[in-house]
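**Student:** can't give you the sequence, but here's the structure:
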């Protein structure tokens, strides 16, 4: 995925990294390799250990067990200032007593770079993030988006081996969030820098990552490319966390070669699948891959709840398999009202048999 | 993994070798530095090794470090950890066995210990035991050592002296001493009774003031806030002296207005009045912060639910204040138990523990009795302190939250407001009168007998009192920056870092608040008047006692200031390659500047007004103003005592005015609370 090879970019390896706070295990045996130039997202609900993992890579938390490598060197016990890793913080953490310029220059000044070098590097990086001309401002006088850019510039100017993002967009409003995440992704690809990105927002993770690491209660639940996680989740937690999901009882009738024949209610269909044994199975059915029809021989149901969302409508349909969430993006028949009896047709691309839970 | 040498061990080893060879490990008793020349060299570790073979071990250890430093190794932290720990223990042990009369610890012992702790700190930080660098790890170790030596060791010495005499360790000694001391029950009853009485009155007055100051719309509230300043700039005997001038044998009220000749004010009535005057402002500060933190939405909810202003006040506001009231009550009890200045001038026949401890040292020369009484007083104070921390849930100063809720608080019911304001105004007027009488007293020939105006006392002050005043100001000036440094650094490591023993460090440092000054004072003379740690009679011990008595001022300012700073700022700095020391210098210090200045001013002010601990530590050479005032007051020379007090009040008012000027009103007020509560 990297647009250009960056000689500075380093591989990051976590080997069975663990951390406990008192009695609670925050991070449990996390192993993970991040290739040079790759953007990997740690995704999960709050308390899943994603931020703690990131902070251990930064050196801001002591490592309870396991090892961390950046490039060729083990950094497990190195203090943060010896690691060549920079971080963009959730609160931006811009120094309020320093100007924008001095904020960005901070790390270079710590390294005692020459004044000319500092001047050039800071101006270049501010230009890169689209913030020229505001060097003299105080951070408090900037908008949220501008503060965000300064924070990114301050991290980039150090040309780190790894760039870390700790929920960097959570303080922005929805529209700006979308724009900033595109910019961050573009910048990261252009510079070919290795990046680890923590977020609890699955849409953000899907939009920017090369690979996503879904974490659940301190453990890695599944690692994969965005499409892979959405289409073929390894377990119910991942299926539920990424996108909306219906879990329905179904019958697996045949399985061969990555394909499975299944029956949901009255409907039979052939879907892609991991090897799964024949018999009863739970399938994931994405709400946008269910079509509502007035007639036909699909699963019968009654509309119970309707939420009109502008570009789409969400229906909760009561059926013999339980309530099913359906998202209708076409709305060709207008918005249906509660109480309407309908038939549901499952589309093969949005149905996936879940592996039996271990 | 590349193998590297071990710079910490190499440098540490070389430093240790040099120290053993040329720096005097010990010194002669009574002088911290031995004379230059032969004596200097005769006290180095190397020259002492003939008598104390342990010093050879130190040299061997240093050589081993150099060796370890030169070897290439995968885990440089391990030799540093082991070397540092073994070295620290060794140095302390050597100090203990070699530093016997006529020797005491010397600069070499301190240097060697510092080197060992630094190497250990390197090992701790590199080994990942502390998430920080050598600087922070070293600070933690140094602070822990200081707290051990200057807070816990003196307390331990009191304990030891209560069960140990020339005949060795005898746990029965404690009971024996108490058996001989027939006044025990009376003294204990007096102390506790007074403390509880003053706790109640101070809390009630504090509550009245807090409600009036926080909720009244009147302009008078500014006066009430100013009132909270008074105990801070008040030298310890001022209130007591004023009460004598007003109500004593020659008192203005008793003798001149009422024509009574009575000493009735001495004892419980005078003490209760003086302590209430002194500690009500402390209760006020505690309760006011709780009143301000009451969420107005709760009262508004009550009003919308059909409760009137009175009903809301009784059923919502007051119950919410309960923890604050309990806190103020317990704090006042601790203060009253520890109070020394008022009982010594006003107590008369009414003995309390703190003064009895003083008299057993100064009058009876009975260290065992002093230690035993100290232990009793300490156990009372600690019980109340632990109650306050664990029962009221104020477990840790780390969880300070500084944000007052937004919204407009409910005004007080009209009748209550008028009543409270009237009461507070009267009380303020009374307090003010007290101060006026103190000032006035300094200009009168002989109070109550010859009322002629005179400058005699001030002339005598210029002649006899300036030495002590100068000493006081110099020592307080030296100790203020040290106190601020120690206190704020301690706040920083405890708030911002996680390390083994953090809770213990925090708790022990707060002990210096709970332990009564008299107990610390006798602890210091018991711990530091003999080898190996010989400090009594020096200015050093006065400075050290100022530092560790006032450390909570620095801690509270530091904690409050750090709570306002997003920790991510410091994390951003270290991920941008700055060391922790650089981070403190370039990020933390600029942001907490107001807290530093208020810590400086308040530790200065508190040093100038200190009496209870230093009364045991002053010497003919190093005399302090408060002790001079005490001597004058004890001899009934109230004119000179009040003149001296007036001068001190002016100096401290100037110091606080300076602070307001430099850091602005808000920060100064914040610091004020820290100073008042610590």
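**Tutor:** Yep, that arrived. The shown structure was predicted, so the numbers you read here are calculated from the model rather than taken from an experiment.
**Student:** contacts and neighbour counts: CA atoms only from here.
**Tutor:** Noted.
**Student:** ok, and the closest non-adjacent residue to the residue of the stretch 101-250 of chain B found nearest chain A?
**Tutor:** As assessed by Cα to the nearest Cα, chain A sits closest to residue B:128 within the stretch 101-250 of chain B, at 4.6 Å. Leaving aside its chain neighbours, residue B:128 sits nearest to residue A:77 (4.6 Å; criterion: Cα to Cα, 6 or more residues apart in numbering or on different chains).
**Student:** and the one you found, backbone torsions?
**Tutor:** Taking degrees, to the nearest 10, you get phi -110, psi 10 for the backbone angles of residue A:77.
**Student:** who's the residue of the stretch 251-358 of chain A found nearest chain B bridged to?
**Tutor:** Residue nearest to chain B within the stretch 251-358 of chain A: residue A:307 (33.8 Å; Cα to the nearest Cα). Here residue A:307 sits in beta bridges with residue A:314, going by DSSP bridges.
**Student:** ok, it - how many residues close by?
**Tutor:** Neighbour count of residue A:307, defined by other Cα atoms under 10 Å in any protein chain shown: 13.
**Student:** and the residue nearest to the spatial centre of chain B, what helix or strand is that in?
**Tutor:** Centroid-nearest residue in chain B, with Cα atoms, centre = their mean: residue B:549, separated by 2.5 Å. Assessed by DSSP states H and E, residue B:549 sits inside helix B:539-563.
**Student:** So the residue in the stretch 351-500 of chain B that chain A sits nearest to: helix, strand or coil?
**Tutor:** Here the stretch 351-500 of chain B gets closest to chain A at one residue, residue B:498, 9.1 Å apart by Cα to the nearest Cα. What DSSP: H, G, I helix; E, B strand; the rest coil gives for residue B:498 is coil.
**Student:** Now do it against residue B:592, distance only.
**Tutor:** In this view, residue B:498 and residue B:592 are 21 Å apart by Cα to Cα, to the nearest Å.
**Student:** Contact partners for the residue in chain B that chain A sits nearest to?
**Tutor:** Relative to chain A, the nearest point of chain B is residue B:577 (4.0 Å; Cα to the nearest Cα). Listed by Cα atoms under 8 Å, 6 or more residues apart in numbering or on different chains, the contact set of residue B:577 reads A:80, A:81, A:82, A:83, A:84, A:107, A:110, A:111.
**Student:** among these, which are in helices?
**Tutor:** Under the assignment DSSP state H, the contacts of residue B:577 contribute A:107, A:110 to helices.
**Student:** hang on, the earlier thing: show me which residues of whichever helix or strand comes after the helix holding residue B:549 are buried.
**Tutor:** The helix or strand immediately downstream of helix B:539-563 is helix B:567-575, counting by DSSP H and E. Under the neighbour-count criterion of 16 or more other Cα atoms under 10 Å in any protein chain shown, helix B:567-575 has B:568, B:569, B:570, B:571, B:572, B:573, B:574, B:575 buried.
**Student:** returning to that earlier point: within its local environment, how many residues does the residue of the stretch 351-500 of chain B closest to chain A see?
**Tutor:** So residue B:498, with other Cα under 10 Å, has 16 neighbours.
**Student:** So for residue 80, what's the nearest residue that isn't a sequence neighbour?
**Tutor:** Answering for chain A, as no chain was given. Residue A:80 sits nearest to residue A:59 (Cα to Cα, 6+ apart), 4.4 Å away.
**Student:** you looked at the wrong chain, it should be chain B
**Tutor:** residue B:123 (4.8 Å).
**Student:** can you pull the contacts of that neighbour?
**Tutor:** Contacts of residue B:123 by Cα under 8 Å, 6+ apart are B:76, B:77, B:78, B:79, B:80, B:81, B:84.
**Student:** ranking those residues by neighbours, who comes first?
**Tutor:** residue B:80 (31 neighbours).
**Student:** Assign residue A:221 to helix, strand or coil.
**Tutor:** strand.
**Student:** For it, which residues are in contact?
**Tutor:** A:213, A:214, A:215, A:234, A:235, A:237, A:238 are the contacts of residue A:221 under Cα under 8 Å, 6+ apart.
**Student:** Give me the subset of those lying in helices.
**Tutor:** Those of these lying in helices (DSSP H): A:237, A:238.
**Student:** Among the contacts of residue A:221, pick out the one closest to residue B:273, please.
**Tutor:** Set against residue B:273, the nearest of the contacts of residue A:221 by Cα to Cα is residue A:215 (64.5 Å).
**Student:** Which strand residues bridge that closest one?
**Tutor:** residue A:220.
**Student:** What is the neighbour count of it?
**Tutor:** So residue A:215, with other Cα under 10 Å, has 24 neighbours.
**Student:** distance of it from chain B?
**Tutor:** 23 Å (Cα to the nearest Cα, to the nearest Å).
**Student:** And for residue A:28?
**Tutor:** For residue A:28 relative to chain B (Cα to the nearest Cα), the value is 18 Å.
**Student:** where does the spatially closest residue to that residue that is not a sequence neighbour land in three-state SS?
**Tutor:** Spatial nearest neighbour of residue A:28, chain neighbours left out: residue A:18 (4.6 Å); criterion: Cα to Cα, 6+ apart. Under three-state DSSP, residue A:18 falls in the strand class.
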